[in-house]
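Chemist: using only what follows, build the 3D model:
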Amino acid sequence: MEEILIVSNYYPPEKGAAANRIEQLALKLNQNNYNVTVLCPLGNYPKGELFPEYKGKFFVKETFQNIIVKRLWIYPSNSKNIFIRLISILSFTTCIFFYLLFKKTPHKVVVQSPPLLLSFISVLVLWFKRKKIILNVSDLWPLAAIELKALKKNSLSHKVSLKFEHFIYQKATLILGQSNEIISHIKSLIPDKTCFLYQNFPDHAVNQNDTILENKIETEGTIKLFYAGLLGVAQGVLELCKKIEIDHLNIELHIFGDGAERAQIEGFIKQNPLKKIYFYGMLARQDLHEEIKKLDIAIVPLTTRIYGSVPSKIYEYGALGFPILYFGGGEGENIVLENRMGWVAEVGNYDKLNSEIAIISKINKSEIHKMKSTIVKQSKIVFNLDTQMKKLLSKNVF
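Modeler: Residues are numbered from 1 along each chain as shown. So this is what the prediction gives:
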């Protein structure tokens with residue numbers, strides 16, 4: 001079996017789309033006769049503190065589902081203080097630099113980007129060692145940082161980040177882009193760069209046991225919207241709780257997750273018990289899937305339209321059989337509409353969002369169940385990870 005290394009800032013048991021994305025890639029490569037090693041930090045995300053099993057350790061080697069996972073030291077933090085966050089980023093990046101420079105590594109290496117500094121250091125060392133660098137770009141940085149107002153345009157940090165971005169695109173052997181917009185952006189900078197579309201599809205062989213279609217059909221009762229995922233600034237769930245108008249409708253909102261806005265969300269719900277919003281915290285993936293089987297429609301919000309970004313929840317909810325109320329704009333909006341997966345509202349337009357919710361509240365739940373059946377069948381064809389992986393392997397991407 002051929003060896004391949006994946007460098008990532010996230011990996012389970014950490015939560016979130018980034019960790020899930022890399023795990024899916026690792027498992028699928030292993031199923032296609034690769035010996036896969038993942039290089040990542042000690043588990044700490046999203047709380048910004050080391051998980052109990054990693055405290056007091058500098059290096060941990062584990063094996064999960066035939067994947068070798070090597071965890072390097074990190075000074076974890078999700079502090080809003082930019083200097084503390086920088087120290088955290090530099091701690092792991094420094095470990096990665098020395099590991100890749102002095103340790104024996106396979107010829108083929110997948111590097112996840114963002115984080116931009118981590119991918120820059122990784123690509124720099126691997127280019128120096130003449131490795132085959134497969135750059136997996138899931139978001140465009142620093143462009144996304146500008147759109148999220150986390151970085152000031154034309155500042156020193158922005159200019160340095162642009163240099164890093166150009167370097168990793170130029171020196172990568174080839175690039176995997178999560179969306180067509182990402183590939184278009186890269187081609188605008190490096191026209192002759194070899195790029196492939198690699199969307200964050202779920203593994204249907206795993207998700208088929210989680211489908212909601214086996215549940216007893218409810219033709220009456222309250223329609224239950226839900227959000228499951230990170231509770232950060234980019235998702236805007238706190239603002240959603242404040243501006244969503246469901247008090248007078250046959251609608252509830254159920255929230256699962258953790259992140260920077262958690263305490264504020266819990267406080268808001270406690271102070272507004274009549275809003276029909278319910279919070280459950282962060283659940284393990286399997287437990288979450290069991291809980292949301294009882295619910296009806298997924299809502300996927302973003303605070304701003306981020307060029308190149310496509311929330312992986314779209315694909316996952318399709319595999320599970322959930323209609324989607326999408327509130328994020330961009331390519332994700334097109335995917336929902338083209339595949340008849342639900343409803344969309346212009347990002348940031350709460351009048352439109354509440355108008356769509358009012359329409360949803362009048363739908364018979366038996367109709368929602370029919371939508372679920374159609375969505376599951378469609379997603380097995382359109383969002384098929386095995387088909388996508390075979391296509392990439394046939395083109396010698398890995």
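Chemist: so where is the stretch 1-150 of the chain shaky, pLDDT-wise?
Modeler: In the predicted model, the stretch 1-150 of the chain carries pLDDT under 70 at residues 80.
Chemist: residue boundaries of the strands in it?
Modeler: In the stretch 1-150 of the chain, the strands defined using DSSP state E, counting those that start in this stretch lie at 2-7, 34-41, 59-64, 67-72, 108-113, 132-137.
Chemist: top helix in this protein by residue count?
Modeler: Identified as the longest helix of the chain according to DSSP state H is helix 82-102.
Chemist: how distant is it from the center of its chain?
Modeler: 22 Å (C-alpha atoms, centre = their mean, to the nearest Å).
Chemist: quick one: that helix to strand 59-64, angle?
Modeler: Relative orientation of helix 82-102 and strand 59-64, computed by axes from the mean of the first three to the mean of the last three C-alpha atoms, to 10 degrees: 80 degrees.
Chemist: break the chain down into its domains, please.
Modeler: The chain breaks down into these domains under automatic domain parsing: 2-201+384-394, 204-382.
Chemist: quick one: end-to-end length of the first one, please.
Modeler: Which is domain 2-201+384-394. 15 Å (C-alpha to C-alpha, to the nearest Å).
Chemist: would you reformat the domains of the chain as JSON lines and include mean neighbour count?
Modeler: (Glycine included, C-beta is placed from N, CA and C.) Below are the domains of the chain laid out as JSON lines (neighbours: other C-beta atoms under 10 Å):
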{"stretch": "domain 2-201+384-394", "mean neighbour count": "18"}
{"stretch": "domain 204-382", "mean neighbour count": "18"}
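Chemist: just the C-alphas of the longest helix of the chain, formatted as CSV.
Modeler: What follows is helix 82-102, C-alpha atoms only, in CSV (Å, rounded to 0.1, in the frame of the first residue of the first chain):
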residue,chain,number,x,y,z
ILE,A,82,-5.1,38.7,18.8
PHE,A,83,-1.7,38.2,20.4
ILE,A,84,-2.8,35.1,22.4
ARG,A,85,-4.3,33.7,19.3
LEU,A,86,-1.1,34.3,17.4
ILE,A,87,0.9,32.5,20.1
SER,A,88,-1.4,29.6,19.7
ILE,A,89,-1.1,29.5,15.9
LEU,A,90,2.7,29.8,16.1
SER,A,91,3.1,27.0,18.7
PHE,A,92,1.6,24.3,16.4
THR,A,93,3.1,25.8,13.3
THR,A,94,6.6,25.7,14.8
CYS,A,95,6.1,22.0,15.7
ILE,A,96,4.9,21.3,12.2
PHE,A,97,8.0,23.1,10.7
PHE,A,98,10.5,21.0,12.7
TYR,A,99,8.6,17.7,12.2
LEU,A,100,8.3,18.1,8.4
LEU,A,101,11.9,19.3,8.1
PHE,A,102,13.6,16.5,10.1
